[in-house]
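Undergrad: Dropping a prediction and its sequence here:
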Amino acid sequence: MTNLSTNYLGLKLKNPLVASASPLSKKLETAKRLEDAGISAIVMYSLFEEQIIHETLELDHYLTRGSDSFAEAQTYLPDGGMYAISPEKYLNQLAALKKAVNIPVIASLNGVSKGGWTSYAKKMQEAGADALELNLYFLSTDPELTSSELENSQVELVEEVRSAITIPLAVKLSPFVTALPHFAKRLAGAGANGLVLFNRFYQPDFDLEELDIIHNLELSTSSDLRLPLRWVSILYGKVNVDFALTSGVHTAKDVIKAMMAGAKVAMTASSLLQNGEQAVGPILSEIEAWMKEREYESIEQMQGSMSQMNVREPAAFERANYMKVLSSWRDLP
């Protein structure tokens, strides 16, 4: 019998297809449908450092504002904040999700700096999170900030979050790192149990009529798989963590490629946002059929089989591949 199960962050999952962080986790009924369709775990939408800091500052402001006013004035209500999702609402949703589904729920915390806000990692654990995904979504725009300074601060952040919790910790990375293998190794040393490759940076556009910035969201396609696929393949066996591949996971073949690169799970959001939970069943069925046809007995048997350390031409993952592709273009009729 074909075994689709996998182990990620110490969690035994029934298959490698995980719902990555997205608005889908905001509704309990949606999460339940994903579970019923076969999703093995759910990563919640992210709670941002800015949301926590904003609420803390807002609370301090309203606790002290009007302290010299008449007592009758203390009945006024606070103004609405800029962040619609409060930290407490996030924790309540996390606890409700844990009660609604029987699959692991991974909380997501998005931040880049050390500070008191990291205490929410422990609160997420207390709310029932099976693991925590720390999302290092940061784009450096300061010419004075060096790569070593930025990486040092992020490693320290991982250490701080790790010290606050006992549940497994994964770190979701950007591909924009000078020496990714070394940085990955440092994060593992700081206490990361897993690395999620990669975060997608959404690119703004220009409106030439209104002369304004357009904030748009373009969902991924399977072609976006290549970047994380390459790096999971390179890092597998070199850094002692569990790898999750995300970005571009839409089909059974995408999941199979992720496993062969060395990932423990393949995370998908765009496919679910486009097609709903109906996308899950066919993907899992096709994975199982593909494995049976090629006599693979388990997902574990596949994992890492096409990584850099296990292929005949490891240089294909490096610069030699660049030269080979350019040469093949000249060879075209």
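TA: Okay, I see it. Numbering: from 1, shown residues only.
Undergrad: Which positions within stretch 293-303 qualify as buried?
TA: Tyr296, Ile299, Met302, Gln303 (16 or more other CB atoms under 10 Å). Using the backbone N, CA and C atoms, a C-beta is placed for each residue, glycine as well.
Undergrad: Which members of the residues you listed occur in strands, if any?
TA: When DSSP state E is applied, these are split such that none fall in strands.
Undergrad: Identify the farthest-apart pair in the residues you listed.
TA: Tyr296 and Gln303 (10.6 Å; CB to CB).
Undergrad: all strands of this structure, in order?
TA: 6-8, 11-13, 17-19, 41-48, 105-110, 131-135, 169-173, 194-197, 205-207, 212-214, 242-246, 265-268.
Undergrad: what residues does the fifth one touch?
TA: With CB atoms under 8 Å, 6 or more residues apart in numbering as the test, strand 105-110 has contacts from 9, 21, 41-49, 94, 97-98, 118, 120-121, 124-125, 127-135, 137, 161, 170, 172.
Undergrad: what about stretch 113-133, start to end distance?
TA: 15 Å (CA to CA, to the nearest Å).
Undergrad: how about that stretch: buried residues?
TA: Quick answer for stretch 113-133 (16+ other CB under 10 Å): 117-118, 120-125, 127-133.
Undergrad: what mean pLDDT does the longest helix that the chain contains have?
TA: Criterion DSSP state H: the longest helix present in the chain is helix 147-164. Average pLDDT, helix 147-164: 95.
Undergrad: Give me the most central residue, the chain.
TA: In the chain, the residue lying closest to the centroid (CA atoms, centre = their mean) is Lys172, at 4.8 Å.
Undergrad: Pull the number of nearby residues for Thr2.
TA: Applying other CB atoms under 10 Å, we find 14 residues neighbouring Thr2.
Undergrad: Pretty sure it sits against Arg294.
TA: No. The pair Thr2 / Arg294 is not scored as a contact, 10.6 Å apart, by CB atoms under 8 Å.
Undergrad: So the residue nearest to Glu277 when sequence neighbours are not counted versus Asn275, what's the distance?
TA: Distances taken as CB to CB, 6 or more residues apart in numbering put Ala37 closest to Glu277, at 3.9 Å, once the chain neighbours are dropped. According to CB to CB, to the nearest Å, Ala37 stands 11 Å off from Asn275.
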